[in-house]
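Chemist: need coordinates for the following:
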Amino acid sequence: MEKVELVFDPDNTRAADYVGKRLGMFNASRTGRSDYYPCKIFLKGEKGETLGGLLGYLWSDWLFVSILWVDEALRGQGHATRLMDAAEDYARQRGCHSAHLDTHTWQARPFYEKRGYEVFATLDNFPPGHQKFFLRKSLQQAI
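Modeler: Residues are numbered from 1 along each chain as shown. Okay, here's the model as predicted:
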């Protein structure tokens, strides 16, 4: 048997990309779904500086929002709404029927709930004294 070494290397983006692609290949082989699309939308200032953004991906007819952030100086001006609208529109254009994300007690749960997201699971004491909420939303228009 080949000797295999365990290496902790948090800055190795090349290896991380490779592992992610291999998992994607495995998932596609088991589900028949290889329709993975990154979703990266940014708010840029006049000088090209990044002032916010939404990171996530589309896979198997679902949008996953992993990160939504807006610079503190710009909060409360509708920019998070613009980012979420753009991501959800992109997801609908690609045939997604639903979206999911997670947030913590000190983050944006009320914002997401106003957008129609519903909590479907809660993780207590993450971190201690707080909760992590898992939310989902249908992207299909009501008829």
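
Chemist: burial of the nearest residue to residue 123 once chain neighbours are set aside, as a residue count?
Modeler: In this structure, residue 123 finds its nearest non-sequential neighbour in residue 132, 4.2 Å apart by Cβ to Cβ, 6 or more residues apart in numbering. All C-beta spots, glycine's among them, are computed from the backbone N, C-alpha and C. Residue 132 has 16 neighbouring residues, counting by other Cβ atoms under 10 Å.

Chemist: check residue 57 too.
Modeler: 15.

Chemist: now residue 18
Modeler: Each residue near residue 18 was counted by other Cβ under 10 Å, and the total is 11.

Chemist: give me the residues contacting the helix or strand encompassing it.
Modeler: Taking DSSP states H and E as the definition, one finds residue 18 inside helix 13-31. Contact with helix 13-31 is made by 9, 33, 34, 36, 60, as judged by Cβ atoms under 8 Å, 6 or more residues apart in numbering.

Chemist: neighbour-wise, which of the residues you listed leads?
Modeler: residue 60 (16 neighbours).

Chemist: strands of the chain, residue ranges please.
Modeler: 37-44, 50-59, 62-70, 98-104, 118-124, 131-138 (DSSP state E).

Chemist: and of the ones you listed, who's closest to residue 82?
Modeler: Proximity to residue 82 (Cβ to Cβ) singles out strand 37-44 among these, at 7.8 Å.

Chemist: give the other helices and strands that that closest one contacts.
Modeler: strand 50-59, strand 62-70, helix 79-93 (3 or more Cβ pairs under 8 Å, 6 or more residues apart in numbering; DSSP states H and E).

Chemist: and it, C-alpha only, in CSV?
Modeler: Coordinates of each C-alpha in strand 37-44 appear next as CSV, following Å, rounded to 0.1, in the frame of the first residue of the first chain:
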residue,chain,number,x,y,z
TYR,A,37,-22.6,27.3,-11.8
PRO,A,38,-20.8,29.7,-9.5
CYS,A,39,-22.7,32.8,-8.5
LYS,A,40,-20.4,35.8,-7.7
ILE,A,41,-21.9,39.2,-7.7
PHE,A,42,-20.2,42.3,-6.4
LEU,A,43,-20.8,45.9,-5.4
LYS,A,44,-18.0,48.1,-6.8
